[in-house]
Every structure is written in structure tokens, then in C-alpha cells.
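1. Okay, here's the prediction I keep looking at, along with the sequence it came from:
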Amino acid sequence: MHVGIKIQTYDNQEHRSKVPVPEHTNVDMSSFSNDNNLNRLQFDQCDQNDYFDPVNRYVYSAISSAEYIDGWKE
């Protein structure tokens with residue numbers, strides 16, 4: 001089971017300049033630029049149960065049955 005996380009504006013529009021990423025995501029600083037190129041993100045140190053969808057700009061994070069029932073993910 002996974003929970004999907006996406007950032008939207010106050011009126012439920014896609015927020016193109018803000019993107020959630022899994023904890024421990026790194027950035028390739030050798031080619032850093034402020035162009036929102038998500039190909040520079042590096043996920044090799046992230047929890048393998050988390051997944052970043054660059055097309056839809058979601059982070060999917062694995063949750064346990066207890067977290068699902070509680071409606072809470074730490």
C-alpha cells in the first residue's frame with residue numbers, strides 16, 4: 001500500500017515550481033540550474049519503498065496497514 005503526495009496551490013491547481021521528493025534525495029550539483037529539470041534528482045540513498053513519479057510529480061510512499069487505518073504516516 002502507498003500514499004500519494006503532490007503539492008497543489010490553494011485553488012487545487014498544479015504547483016509547477018514546488019515538487020515533493022522522497023527523504024534523502026540528492027541533486028547533481030555539477031549541472032545545477034534553476035530550470036526545474038527533475039533529471040538532476042538522485043534517489044540512490046532514498047528508502048526503496050518510496051517512489052518518485054517525475055511525469056505526474058507525485059511521491060508514493062509505502063505505508064503499513066496500521067498507518068492506513070490510523071490515517072497517519074510519520
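-> Thanks, I have it. Numbering: from 1, shown residues only.

2. mind listing the strands for the protein?
-> Ranges of strands in the chain, per DSSP state E, are 2-5, 26-27, 41-42, 50-53, 58-62.

3. The first one pairs with which strands, parallel or anti?
-> The one in question is strand 2-5. With DSSP bridges as the test, strand 2-5 is paired with strand 58-62 (antiparallel).

4. The partner strand: how far from the chain's middle?
-> Distance, stretch centre to chain centre, for strand 58-62: 6 Å (C-alpha atoms, centre = their mean, to the nearest Å).

5. correct me, but residue 28 touches residue 38?
-> No: the pair residue 28 / residue 38 is not scored as a contact, 11.0 Å apart, by C-beta atoms under 8 Å. Any C-beta I mention is one placed from the backbone N, CA and C, and that applies to glycine too.

6. ok, back up a step: and the strands of the chain as CSV, adding distance to residue 68?
-> Below are those laid out as CSV (distance: least, C-beta to C-beta, whole Å):
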stretch, distance to residue 68
strand 2-5, 8
strand 26-27, 29
strand 41-42, 27
strand 50-53, 16
strand 58-62, 11
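
7. Packed most tightly, which of these would that be?
-> strand 58-62 (a mean of 18; mean count of other C-beta atoms under 10 Å).

8. which residues are contacting it?
-> 1-6, 20-22, 47, 49-53, 73 (C-beta atoms under 8 Å, 6 or more residues apart in numbering).

9. at 6 Å instead, please
-> Contacts of strand 58-62 from elsewhere in the structure, counted by C-beta atoms under 6 Å, 6 or more residues apart in numbering, are 2, 3, 4, 5, 6, 20, 22, 49, 50, 51, 52.

10. For that strand, what does the pLDDT average out to?
-> The average pLDDT within strand 58-62 is 90.
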